[in-house]
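**Q** next come a sequence and a model predicted from it.
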Amino acid sequence: FYSDITNDANKDYNNFVFTVFDAPFFKGTCEKKLSKLNRKSHFYLECKLTSDELDIPKGGTSSSVSMATNFDGVESMYQQIETISQEEFFRNKVQTKPSHYSTSDGYIEIDSDFQSELPIVYTKDRNYTVLFKIKNVGPGVIDNMSIDIIDKNGILKKCNPEPKKITYEGGNEVTFGCIINPPSTKVLNSQGVIINVDYK
């Protein structure tokens, strides 16, 4: 039994485990491993199972065999968040940008939805938020997932729930929202955050 693995992405994947199980008329199970599959490369893992001729009915038979390939991946999104004061926005007639952004490696999709177009035009005593969605868009099942946000400049004030505290319980989507800090100056500010999603 073979698992042909082709990595068409521009990133590496790790810890491949190919398993053959639930194989009627074959003896036992088989597991083969590959520590890393480099970007734009191909590999195959092979499992051999033996069968006793006496176990096979006369005239032959057909049966299904269960196989699985597991691996670890990381999908990342770099999201720019632009903020500006209301006074500067109207004075300079700043051009707006979309409120929705998305990235995907074919397995995990990361979406960001702002409540209005960018830049965020701040008015006094009002909260502005961004909603992040992590989705399973691949053909397989996600066994485990961890989410981390790198926000060096502190543009995100508070997230609910906190990404590091999210426990993945299956399903196809994880959602969390964050409050955006108001700009420290009136002019156009641009800060970047990185969302990293480690998954199996």
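**A** Perfect, I can see it now.

**Q** how close does the nearest residue to Asn92 once chain neighbours are set aside get to Pro163?
**A** Spatial nearest neighbour of Asn92, excluding adjacent residues (Cβ to Cβ, 6 or more residues apart in numbering): Leu188 at 7.9 Å. Where you see a C-beta, it was placed from the backbone N, CA and C, and this is true even at glycine. Applying Cβ to Cβ, to the nearest Å, the value for Leu188 to Pro163 is 27 Å.

**Q** Val193 too?
**A** Noted for Val193: a distance of 11 Å to Pro163, by Cβ to Cβ.

**Q** what touches both of the two?
**A** Taking Cβ atoms under 8 Å, 6 or more residues apart in numbering as the contact criterion, the residues that touch both Val193 and Pro163 are Ile149.

**Q** the residue lying closest to Phe114 once chain neighbours are set aside - how many residues pack around it?
**A** With sequence-adjacent residues excluded and distances taken as Cβ to Cβ, 6+ apart, Phe114 is closest to Ser99, at 4.3 Å. Applying other Cβ atoms under 10 Å, we find 14 other residues in the vicinity of Ser99.

**Q** quick one: pLDDT of Ser99?
**A** According to the model's per-residue confidence, Ser99 sits at a pLDDT of 95.

**Q** surely Asn196 is in a helix?
**A** No - for Asn196, which was evaluated using DSSP: H, G, I helix; E, B strand; the rest coil, the result is strand, with no helix membership.

**Q** thought it was touching Gly73?
**A** No - here Asn196 does not reach Gly73: they are 11.1 Å apart, not a contact under Cβ atoms under 8 Å.

**Q** which one of the two is surrounded by more residues?
**A** Gly73 (20 against 15).

**Q** show me the contacts for the more buried one.
**A** Counting by Cβ under 8 Å, 6+ apart, Gly73 has contacts 11, 13-14, 105, 107-108, 198-200.

**Q** point out where the chain drops to low pLDDT.
**A** Regions of the chain meeting the criterion pLDDT under 70 cover residues 55.

**Q** can you show me the helices along it?
**A** Ranges of helices within the chain are 86-92, based on DSSP state H.

**Q** follow-up on the earlier one: from the contacts of Gly73, which single one is nearest Ser3?
**A** Proximity of the contacts of Gly73 to Ser3 (Cβ to Cβ) peaks at Tyr13, which lies at 13.2 Å.

**Q** surely that closest one touches Leu34?
**A** No - between Tyr13 and Leu34 there is no contact under Cβ under 8 Å: 9.4 Å.

**Q** buried only: go through the contacts of Gly73 for me.
**A** Neighbour-count burial within these applies to 13, 105, 107-108, 199-200; the criterion is 16 or more other Cβ atoms under 10 Å.

**Q** contacting residues for the residue nearest the centre of the chain?
**A** Geometric centre of the chain, nearest residue: Ile108, 3.3 Å, by Cα atoms, centre = their mean. Ile108 makes contact with 73, 75, 134-138, 142, 145, 197, 199, according to Cβ under 8 Å, 6+ apart.

**Q** need the max-distance pair from the residues you listed.
**A** For the contacts of Ile108, the maximum inter-member distance is 14.0 Å, found between Gly73 and Lys135 (Cβ to Cβ).
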